[in-house]
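> Below are the sequence and a predicted model for it; my questions follow.
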Number of protein chains: 2
Amino acid sequence: MSDIPSTKPYLIRAIYEWCVDAGFTPYLAVVAGEGVRVPNAFVRDGQIVLNVAPHATNQFHLDNEAMSCQARFGGVAHMLYVPIANISAIYARENGHGMAFEVTGSGESTGELDVANQQMLVEESTDSGESSQGDDDSSPPGGGRPKLRVIK
Amino acid sequence: MSDIPSTKPYLIRAIYEWCVDAGFTPYLAVVAGEGVRVPNAFVRDGQIVLNVAPHATNQFHLDNEAMSCQARFGGVAHMLYVPIANISAIYARENGHGMAFEVTGSGESTGELDVANQQMLVEESTDSGESSQGDDDSSPPGGGRPKLRVIK
């Protein structure tokens, strides 16, 4: 769409740092597809939500191309790799604050989302728990994934 | 409004870093008021737009409380100090991409803007030049400040 470099990785890092500084748990919503390396057993409806808190990951790295880290699912360590284009949201587990991004098609890596397409999230409610991820955080108090509503 | 720490300084840093990495000139739109230290002669309608590119500033610092730096106006060096609450936008001079923030009242430092209130900018057109700021960049090619339009 545009030859302007995407702000998306910068905004994802910003929300990640805000979460960590504020003591919140950063959750990364990912659209599965080509180039995405996550445990398939935990993908639901083509998506997976990753707990990327410092205490839940090792070797966490988030640059302009991708997020990579090691994390545990059901007690088993996995190396994860998620291109920036496949990240659909980053938000704090505790309150749902963060940012959502438009991801075009499952696995299509456009990598050129415009800031004008980025929209905000608020928490609507909490319900089901997350997908067995986390080594020392498997049963968070009041846990569960917030349902997100896009604010225009 | 909320006791959740503001994401605003994190997002401002994100857009600043994006501008610098992409070779764009970061412009900071500021609402003058209590706690803001800028040269009054360059304030228009209670606002001022600062060129905060690395080549146009010294001792640039942007933390969760304020932006501070040294910059030249009309050949004279000034120390600038702008509380985060008084920053109404950060964007690339060259294309107007960036983010805008709601600032409540001239000089009122709420510091608690919610992400849901933050909105996006696009360039509409360019016209008048900036306010005499910049030591080695006083006549940029195709310069001028973009008119900004808020995208909801």
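That came through fine. Residues are numbered from 1 along each chain as shown, chains lettered A, B, ... in the order given.
> From residue B:19, how far off is residue A:4?
Distance from residue A:4 to residue B:19, counting by C-beta to C-beta, to the nearest Å: 11 Å. Heads up, the C-betas are built off the backbone N, CA and C, glycines and all.
> same check, this time on residue A:41
In terms of C-beta to C-beta, residue A:41 sits 41 Å off from residue B:19.
> more neighbours, these two?
Using other C-beta atoms under 10 Å in any protein chain shown as the criterion, residue A:41 and residue B:19 rank with residue B:19 on top: 26 against 12.
> Secondary structure class of that one, three-state.
helix (DSSP: H, G, I helix; E, B strand; the rest coil).
> Which residue, other than its chain neighbours, is closest to it?
Excluding the flanking residues, the one nearest residue B:19 by C-beta to C-beta, 6 or more residues apart in numbering or on different chains is residue B:26, at 3.9 Å.
> for residue A:82, same thing?
Counting by C-beta to C-beta, 6+ apart, the residue nearest residue A:82 is residue A:67, at 4.7 Å.
> helices or strands up against the helix or strand harbouring residue A:70?
Under the criterion of DSSP states H and E, residue A:70 resides in strand A:66-73. When contacts are defined as 3 or more C-beta pairs under 8 Å, 6 or more residues apart in numbering or on different chains; DSSP states H and E, strand A:66-73 sits against strand A:57-62, strand A:76-83.
> ok, which stretches of chain A are strands?
Using DSSP state E, the strands of chain A run over A:26-31, A:47-51, A:57-62, A:66-73, A:76-83, A:87-92, A:98-100, A:119-126, A:146-151.
> quick one on the thing from earlier: for the residue nearest to residue B:19, give the beta-bridge partners.
Under the criterion DSSP bridges, residue B:26 forms beta bridges with residue B:92.
> So it is in contact with residue B:53, correct?
Yes. Between residue B:26 and residue B:53 a contact is recorded at 5.9 Å, counting by C-beta atoms under 8 Å.
> Need the residues touching each of these two.
Common contacts of residue B:26 and residue B:53 (C-beta atoms under 8 Å, 6 or more residues apart in numbering or on different chains): B:19-20.
> Those two: which has the busier surroundings?
residue B:26 (25 against 20).
> how much space between that one and residue B:36?
Distance from residue B:26 to residue B:36, by C-beta to C-beta: 18 Å.
> try residue A:47
As judged by C-beta to C-beta, residue A:47 and residue B:36 stand 44 Å apart.
> With neighbour numbers in mind, choose between those two.
Between residue A:47 and residue B:36, residue B:36 has the larger neighbour count (other C-beta under 10 Å), namely 22 against 16.
> what sits against residue A:64?
Neighbour list for residue A:64: A:5-6, A:9-10, A:84, B:21 [criterion: C-beta under 8 Å, 6+ apart].
> Look at it and report its pLDDT.
What the model reports as pLDDT for residue A:64 is 97.
> For it, give me phi and psi.
Residue A:64 adopts backbone torsions of phi -80, psi -10, taken as degrees, to the nearest 10.
> how much space between it and residue A:102?
In this view, residue A:64 and residue A:102 are 18 Å apart by C-beta to C-beta.
> Ok, residue A:51 next?
Taken as C-beta to C-beta, the span from residue A:51 to residue A:102 is 23 Å.
> Compare the two (neighbour count), which wins?
Neighbour count, other C-beta under 10 Å: between residue A:51 and residue A:102, residue A:51 has more, with 24 against 13.
> burial count for residue A:97?
Residue A:97 has 24 nearby residues by other C-beta under 10 Å.
> Wait, it touches residue B:6, no?
No. Using C-beta under 8 Å, residue A:97 makes no contact with residue B:6, being 10.1 Å away.
> hmm, back to that, out of the helices and strands packed on strand A:66-73, the one nearest residue B:60 is which?
Set against residue B:60 and scored by C-beta to C-beta, those come closest in strand A:57-62, at 23.6 Å.
> Report the inter-axis angle for that closest one versus strand A:47-51.
Angle, strand A:57-62 to strand A:47-51, by axes from the mean of the first three to the mean of the last three C-alpha atoms, to 10 degrees: 110 degrees.
> Give me the buried positions along strand A:57-62.
Buried positions in strand A:57-62, judged by neighbour count with 16 or more other C-beta atoms under 10 Å in any protein chain shown: A:57, A:60, A:62.
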